[in-house]
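Participant: Here is the input, now give the coordinates:
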Amino acid sequence: MSWRVRVIHTTGYRYRSVVTQSYNEVRVTPRSDRKQNVVVSRVETTPATRQYRYTDYWGTVVTSFDLHAPHTQLKIIGSSVVETSGQVDPITTGGWADLREDNLVDRYTEVLEPTPYVPKDKELGAIARDLRKGNSPAAAVLAAAHWVHEKLT
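Facilitator: Numbering: from 1, shown residues only. Here you go, the predicted structure:
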């Protein structure tokens, strides 16, 4: 089943005194992918601003604007119409060697390496290796999701 939905995000700022310079970036535009399509999207500001849009490193649409007129409030409204697709089957092509290709490792290095927030964990590493045994990458992802589901209360 597919849907067509309208998404509205409103945010605002009130300043204690008059502000004459404001530099902003907002990320309120949904992403188009194989599960949803952004039909139309816009960002409005009050007071009105000139805007520049770009896609950042992670594929997020960023609306950038600055305001150089005296103001005590700033209102930002992001509105979009999104069409969702029906159920999408997981991508099952590709093997473990494909996931080790230099271009993928380089592109996703920030999420593949341990961090202070998500440190390397020997116990989870052993569980992940067990879930991987005899499975394709797609099957291993489903096995990991099932394992997490079983462990959470």
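Participant: Am I right that W147 is in a helix?
Facilitator: Yes. Under DSSP: H, G, I helix; E, B strand; the rest coil, W147 sits within a helix.
Participant: how about it, what does it touch?
Facilitator: 127, 131 (CB atoms under 8 Å, 6 or more residues apart in numbering). C-beta: built from backbone N, CA, C; applies to glycine.
Participant: I'd assumed R4 was in contact with V39.
Facilitator: Yes. The pair V39 and R4 passes the contact test of CB atoms under 8 Å, sitting 7.5 Å apart.
Participant: Would you mind listing the residues touching both of these two?
Facilitator: 81-83.
Participant: So which of those residues sit within helices?
Facilitator: Among the shared contacts of V39 and R4, no member falls in helices (DSSP state H).
Participant: Please, a PyMOL command that selects the buried ones among those?
Facilitator: The PyMOL selection below is limited to those of these classed as buried (16 or more other CB atoms under 10 Å):
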select buried, resi 82
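Participant: so where's this structure shaky on pLDDT?
Facilitator: For the chain, no stretch has pLDDT under 70.
Participant: which strands and helices sit next to the biggest strand by length in it?
Facilitator: Assignment by DSSP state E gives strand 4-19 as the longest strand of the chain. Contact analysis of strand 4-19 by 3 or more CB pairs under 8 Å, 6 or more residues apart in numbering; DSSP states H and E lists strand 71-84 as its packing neighbours.
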